[in-house]
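In: Fold the following.
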Amino acid sequence: MQIILNGKNQVFPDNITISQILTTLNIQERVVAIALNSNVVKKESWEKITIKEHDCLELLQFTSGG
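Out: Numbers count the residues shown, from 1 in each chain. Prediction:
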């Protein structure tokens with residue numbers, strides 16, 4: 001299925017959850033905030049929400065610097 005991930009078209013398997021996408025992309029859950037179709041998604045919902053065709057997912061990763 002095709003979704004928009006951070007503004008780019010990406011293909012993922014059907015019935016994939018937000019948590020599974022993070023695992024696929026090797027992104028640690030503790031360093032990311034997520035918006036699905038312009039709505040912020042709480043971390044406790046990531047395993048429950050299944051992404052649908054043409055959904056827009058934004059992953060905002062936090063980094064530290066000095």
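
In: Every contact and neighbour count from this point should use C-alpha atoms.
Out: Will do.

In: Stretch 46-58: which residues count as buried?
Out: Going by neighbour count (16 or more other C-alpha atoms under 10 Å), the buried part of stretch 46-58 is W46, I51, C56, L57, E58.

In: The fourth one and V40 touch, don't they?
Out: Going back to what we said before, that points to L57. No. At 9.9 Å, L57 and V40 do not qualify as touching, with contact defined as C-alpha atoms under 8 Å.

In: list residues touching both of the two?
Out: Residues touching both L57 and V40 (C-alpha atoms under 8 Å, 6 or more residues apart in numbering): I34.

In: mind checking pLDDT for I16?
Out: At I16, the model reports a pLDDT of 98.

In: Distance check, it against H54.
Out: 13 Å (C-alpha to C-alpha, to the nearest Å).

In: Likewise for T17?
Out: 14 Å.

In: Let me know whether E29 touches L22 as I believe.
Out: Yes. The pair E29 / L22 is scored as a contact, 7.2 Å apart, by C-alpha under 8 Å.

In: Near S19, how many residues? Count them for me, please.
Out: 20 (other C-alpha atoms under 10 Å).

In: Helix, strand, or coil at it?
Out: Here S19 is recorded as helix under DSSP: H, G, I helix; E, B strand; the rest coil.

In: One more: E44?
Out: Secondary structure, three-state DSSP: E44 is helix.

In: so where do the helices sit in the protein?
Out: Taking DSSP state H as the test, the helices found in the chain are 18-24.

In: what ranges do the strands span in this protein?
Out: 2-5, 8-11, 32-36, 39-41, 56-61 (DSSP state E).

In: Columns mean pLDDT on top of those, output as TSV?
Out: Formatted as TSV, the strands of the chain follow (pLDDT from 0 to 100):
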stretch	mean pLDDT
strand 2-5	98
strand 8-11	98
strand 32-36	97
strand 39-41	98
strand 56-61	96
